[in-house]
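>>> Take a look and give me a structure for this.
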Amino acid sequence: MARTDNDTWEITESVGATALGVAAARAAETESENPLISDPFARVFLDAAGEGLWNWFSAPGLPAEIVEAHPDLVPRMRGMVDYMAARTSFFDQFFLDATRAGVRQVVILAAGLDSRAWRLAWNQGEPGGVTVYELDQPRVLEFKSSTLREHGAQPTCNLVPVPVDLRHDWPAALREAGFDPSAPSVWSAEGLLPFLPAAAQELLFERVHALAAAGSRIAVEAPGADFLDQAAHAKQRQNMQQVRDLMAKLQPERDIPDVTDLWYFEEREDVGDWLRGHGWNVTVTPAEALMASYGRTPPDVEDAAPKTLFTTGEK
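Predicted structure coming up:
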């Protein structure tokens, strides 16, 4: 599906389907022999959505013909699941550290099928509790909340859904939902920035900066230095197209996603530099180093994991 300035989507379409793809990776990790994370709701979302290209990471094994023709594919898939597990654990711990330090407002930008509001221990027993604001497209948030309600799940925090497109006036919607800009807050932008045009990314951080009081924190999964490497992307696309062509012959009912079709490949300012320039204290951890810290070294094959930068800041 081609992107447009004001495109919207169901959970099984366009950017919405990528949230299901991430849930599939979390489900695969949760159900593995030695899981780094535990997300009991990831499989719930997949069951509710049914079959689709989003099940790529949690589907049965690949046909032997594909494994033989593309021996790097299985370790690359395993590397992506490891990456998603490390990413999930990183943001989990980031939020818990902030709330244990006394921050009581959490803002999850482009929340997708993030289930932290239902699965993390948000120190509910402490005075005032923790309020989690989830921002995303209305139909995405409705799918999540209705699915979890039907499953009997209850939030472990004061959950406030904010159905809004991040390209629109989401600060007004956030304030109307009860957010207090005068109090410290903790923010996340996970799996988001490539889906935004460069100008929208700039505006996003300007708005966060304006809403974040002193003592606020932010964690961002930011594009790495290779994000605009056209030759590398062309090679990746060519390799995956070969896999798609072979899969179409062997299992025509099985689709293989290409999330990069939904990205905006535009020059954009480095996130760490932007935050430093606006007075935030910044730490940047390359994805490979983050994965290694969790004991998940990427396989020794090309494109085993994204070369993203995990950037945190405190104002």
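>>> how close does residue 312 get to residue 192?
Separation of residue 312 from residue 192 (C-beta to C-beta, to the nearest Å): 15 Å. All C-beta spots, glycine's among them, are computed from the backbone N, C-alpha and C.
>>> ok, now how distant is the residue nearest to residue 115 when sequence neighbours are not counted from residue 141?
Nearest non-adjacent residue to residue 115, counting by C-beta to C-beta, 6 or more residues apart in numbering: residue 41, 4.2 Å away. Residue 41 sits 14 Å away from residue 141, going by C-beta to C-beta.
>>> Could you count how many residues lie near residue 276?
Residue 276: 14 surrounding residues under other C-beta atoms under 10 Å.
>>> tell me which element it falls in.
helix 271-277 (DSSP states H and E).
>>> The helix or strand just after that helix - what's its average pLDDT?
Later in the chain than helix 271-277, the nearest helix or strand by DSSP H and E is strand 281-286. Strand 281-286 shows a mean pLDDT of 98.
>>> again, but for stretch 123-136
For stretch 123-136, mean pLDDT is 79.
>>> Let's see the distance spanning that stretch from one end to the other.
Start and end residues of stretch 123-136 are separated by 24 Å (C-alpha to C-alpha, to the nearest Å).
>>> what do you get for stretch 130-148?
20 Å.
>>> buried residues in that stretch?
Neighbour counts over stretch 130-148 (16 or more other C-beta atoms under 10 Å) mark 130-137, 140-141, 143-145, 147-148 as buried.
>>> Which members of the residues you listed are positioned in strands?
131-136 (DSSP state E).
>>> which of the buried residues of stretch 130-148 lies closest to residue 116?
For the buried residues of stretch 130-148, the residue nearest residue 116 by C-beta to C-beta is residue 132; the value is 7.2 Å.
>>> Was I right to think that closest one contacts residue 115?
No - here residue 132 does not reach residue 115: they are 11.0 Å apart, not a contact under C-beta atoms under 8 Å.
>>> give the contact list for residue 251.
residue 63 (C-beta atoms under 8 Å, 6 or more residues apart in numbering).
>>> Also residue 119?
Going by C-beta under 8 Å, 6+ apart, residue 119 touches 38-41, 156.
>>> repeat for residue 150
Residue 150 is in contact with residue 48, counting by C-beta under 8 Å, 6+ apart.
>>> mind listing the strands for the stretch 201-315 of the chain?
Assignment of strands within the stretch 201-315 of the chain using DSSP state E, counting those that start in this stretch yields the ranges 217-222, 281-286, 309-314.
>>> where in the stretch 51-200 of the chain is pLDDT low?
The stretch 51-200 of the chain contains residues with pLDDT under 70 at 52-60, 62, 124-128.
>>> Residue 154 is in contact with the residue nearest to residue 115, correct?
No - using C-beta under 8 Å, residue 41 is not in contact with residue 154; the gap is 11.7 Å.
>>> More neighbours: the two, which one.
The neighbour comparison of residue 41 against residue 154 (other C-beta under 10 Å) goes to residue 41, with 22 against 8.
>>> hmm, back to that, check the ones in strands among the buried residues of stretch 130-148 against residue 249 and report the nearest one.
Distance to residue 249, by C-beta to C-beta, is smallest for residue 136 among these, at 37.2 Å.
>>> contacting residues for the closest one?
For residue 136, the contact set (C-beta under 8 Å, 6+ apart) comprises 110-112, 163-164, 166.
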